[in-house]
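heads up, no residue letters with this:
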């Protein structure tokens, strides 16, 4: 139960954190920019965050369990699997957030904006 709660907490923190896009605003119609930004964010929502988080959690749990089994008993393996699962889920969430950010920036560049970050 603790592991599930930890994963949920990490997902919420990742969802709340945002990578602000900085553009050169010189000569930019900000109303049109907002429309374009919303369209680009809609594309970014197509990134499969859940799959990346789940894949990371499963991979981390398996690796943690294997390492735990090598260095200890079944109790150690179970604890290591939990830690590995949370760590893997965190990495998966971070990977999804980075990919979403790349999608938004690439979309804006494709629409003619000069993205500075």
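Perfect, I can see it now. The structure displayed is predicted, hence computed values, not measured ones. Numbers count the residues shown, from 1 in each chain.

in the protein, which helix or strand is least confident?
Ranked by mean pLDDT, DSSP states H and E, the helix or strand of the chain with the weakest confidence is helix 2-16, at a mean of 53.

ok, longest helix in this structure?
In the chain, ranked by residue count with DSSP state H as the criterion, the top helix is helix 74-110.

quick one: mean pLDDT for it?
Average pLDDT, helix 74-110: 81.

residue 58 - how many residues pack around it?
By other CB atoms under 10 Å, 15 other residues sit near residue 58. No exception for glycine: its C-beta is placed from N, CA and C like everyone else's.

one more: residue 64?
When neighbours are counted by other CB under 10 Å, residue 64 registers 23.

assumed it was part of a helix.
Yes. Counting by DSSP: H, G, I helix; E, B strand; the rest coil, residue 64 is found in a helix.

gap between it and residue 42?
36 Å (CB to CB, to the nearest Å).

how about the longest helix of the chain: buried residues?
76-78, 80-97, 100-101, 103-105, 107-108 (16 or more other CB atoms under 10 Å).

packing partners of that helix?
Contact partners of helix 74-110 among helices and strands, from 3 or more CB pairs under 8 Å, 6 or more residues apart in numbering; DSSP states H and E: helix 2-16, helix 30-44, helix 49-71.

quick one: that helix to chain centroid distance?
How far helix 74-110 lies from its chain's middle: 5 Å, per CA atoms, centre = their mean, to the nearest Å.

that one to helix 30-44, inter-axis angle?
Here helix 74-110 points in a direction 140 degrees away from that of helix 30-44 (axes from the mean of the first three to the mean of the last three CA atoms, to 10 degrees).

good, wrapping up.
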